[in-house]
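Trainee: using only what follows, build the 3D model:
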Amino acid sequence: MANPVVAVVGRPNVGKSTIFNRIAGERISIVEDTPGVTRDRIYAHGEWLGKEFNLIDTGGIEISNAPFVEQIKQQAEIAIDEADVIIFLVDIQSGMTDADEQVAQILYRSNKPVVLAVNKVDNFELRSQVYDFYSLGFGDPYPISGAHGIGLGDLLDTVIDNFPEEGVIEKDDSIRFSLIGRPNVGKSSLVNAILGENRVIVSDVAGTTRDAIDTQFTSEDGDKFTMVDTAGIKKRGKIYENTEHYAMLRAMRAIDNSDIVLVVLNAEEGIREHDKRIAGYAHEAGRGVIIIVNKWDTIEKDNHTMQDFENLIRFEFQYLSYAPIMFVSAMTKQRLTKIPDLVKEVYTHHTRRIQSSTLNDVLMDAIAANPTPSKNGKRLRVFYGTQVAIQPPTFVIFMNDTELMHFSYERYLENQIRKAFDFTGTPIHLIKRTRK
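Mentor: Just a heads-up that it's a prediction; the model follows:
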């Protein structure tokens, strides 16, 4: 089931990003300091009372060269298209403005639940002024303070009460994968070429995400796949369709609904910053990743071209060192028949379970070959490890003091686990725990 989507909407300077960061909490913090994993600040995961949801900060969606009013309008429309619940943010210090009323006019037409939040209510005396906002017509305004985190609990209670009913989703046993990438890297032609390559299309299942159509097909070996559509139905006549943020938002939704993500690059254009951002999100979401270089037929080649391009990918996507790379052409159908097999292989690694006894043999051998580091005269002692999850494979390592585990030694242990067991295409997570 796809997570519900909550959008924060409002005119500029009402504190949308502050509220966004408050709700997203620590989950937006940077996990790795590897260059290339850049954060896209407009999209994050939030959680309240055990309910998970995705959060969009429309303030981060900047439409260049658009006049002020037009900009607010487009941001609100993006929220209406994508969100299940909308938080309409106004601020007490400015009071009601024309811009607030313009946003309200757009939201009336949305037929989506709207929760009105009045920000910057930093002290109790200001609460009496909240009632001015009843005239916007969205019921009780919730007084909150993004700066101090006051009132967010009541607001989020109402937000999750408005989530759509969770339908019973029939669990199918197919492997779900999606193709993501910048506009014009050839995703649509790849999708059509893969489906047209001696495949039996079973059905077009309407996806749980708005507009997205998930296509199921069966490979020649009888394996079932579901291709999660990234693009959805094109909305014509909307300026923001071409903004990179909008494409990004769609890609992130597809990633959330996939087991394996195919990051598509354009061989003609090389690697752009936007490619790294999208791939970084797939990596952070813990999905299996395959890098697909499309339009390979358009490149002039010699004996070193493929190796040089692969080296460039490895340099630019250092955090994806585990991802296999495939050079294809949707036009000439080069190597396309191998994609489902590779997806299946990566899925096998993504769902792999390792017995604790086998894992601990590998850990002890690794420690014997390269003894644990010490700090201030105290040596790290690793007691044992165990696998606690799959998709991605996650291991808890118990030790005497997590502070003594230097990240380079953690990387060493991860590499030894990868060397012993084939985890090609999937990230693996190590969780450090102290045990006396």
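
Trainee: worst mean pLDDT across the helices and strands of this protein, which element?
Mentor: Scoring the helices and strands of the chain by mean pLDDT, DSSP states H and E places strand 200-206 at the bottom, with a mean of 40.

Trainee: domain-wise, how is this structure divided?
Mentor: 5-161, 175-350, 356-434 (automatic domain parsing).

Trainee: rebuild those domains as TSV, extending it with mean neighbour count.
Mentor: (Each C-beta comes from the backbone N, C-alpha and C, glycine too.) Shown next, in TSV, are these (neighbours: other Cβ atoms under 10 Å):
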stretch	mean neighbour count
domain 5-161	18
domain 175-350	18
domain 356-434	15
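
Trainee: could I get the full set of strands for the stretch 1-150 of the chain?
Mentor: Counting by DSSP state E, counting those that start in this stretch, one finds strands in the stretch 1-150 of the chain at the ranges 5-9, 43-48, 51-57, 85-91, 114-119, 142-143.

Trainee: packing partners for the fifth one?
Mentor: Translated: strand 114-119. helix 16-24, strand 85-91, strand 142-143, helix 152-161 (3 or more Cβ pairs under 8 Å, 6 or more residues apart in numbering; DSSP states H and E).

Trainee: could you redo the last one with a cut-off of 7 Å?
Mentor: strand 85-91, strand 142-143, helix 152-161 (3 or more Cβ pairs under 7 Å, 6 or more residues apart in numbering; DSSP states H and E).

Trainee: now do the last one
Mentor: When contacts are defined as 3+ Cβ pairs under 7 Å, 6+ apart, strand 142-143 packs onto strand 114-119, helix 152-161.

Trainee: I'd like these written out as CSV, with distance to residue 56 added.
Mentor: Listed next are the helices and strands packed on strand 142-143 as CSV, based on distance: least, Cβ to Cβ, whole Å:
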stretch, distance to residue 56
strand 114-119, 14
helix 152-161, 13
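
Trainee: just send these back as CSV, with distance to residue 325 and mean pLDDT too.
Mentor: Shown next, in CSV, are the helices and strands packed on strand 142-143 (distance: least, Cβ to Cβ, whole Å; pLDDT from 0 to 100):
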stretch, distance to residue 325, mean pLDDT
strand 114-119, 45, 90
helix 152-161, 41, 90
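
Trainee: residue 180 is nearest to which of the strands of the stretch 1-150 of the chain?
Mentor: Proximity to residue 180 (Cβ to Cβ) singles out strand 43-48 among the strands of the stretch 1-150 of the chain, at 13.3 Å.

Trainee: tilt between the closest one and helix 152-161?
Mentor: 100 degrees (axes from the mean of the first three to the mean of the last three Cα atoms, to 10 degrees).

Trainee: neighbouring strands for strand 43-48, and are they parallel or not?
Mentor: strand 51-57 (antiparallel) (DSSP bridges).

Trainee: where's the partner strand relative to the chain centroid, distance-wise?
Mentor: Centroid displacement of strand 51-57 relative to its chain, using Cα atoms, centre = their mean, to the nearest Å, is 11 Å.

Trainee: could you do stretch 412-426 as well?
Mentor: 23 Å.

Trainee: also stretch 323-333?
Mentor: Worked out by Cα atoms, centre = their mean, stretch 323-333 lies 24 Å from the chain centre.

Trainee: what sits up against it?
Mentor: Applying Cβ atoms under 7 Å, 6 or more residues apart in numbering, the contact partners of stretch 323-333 are 186, 189-190, 193, 197, 289-297, 306, 310, 313, 334-336, 338-339, 342, 424-425.
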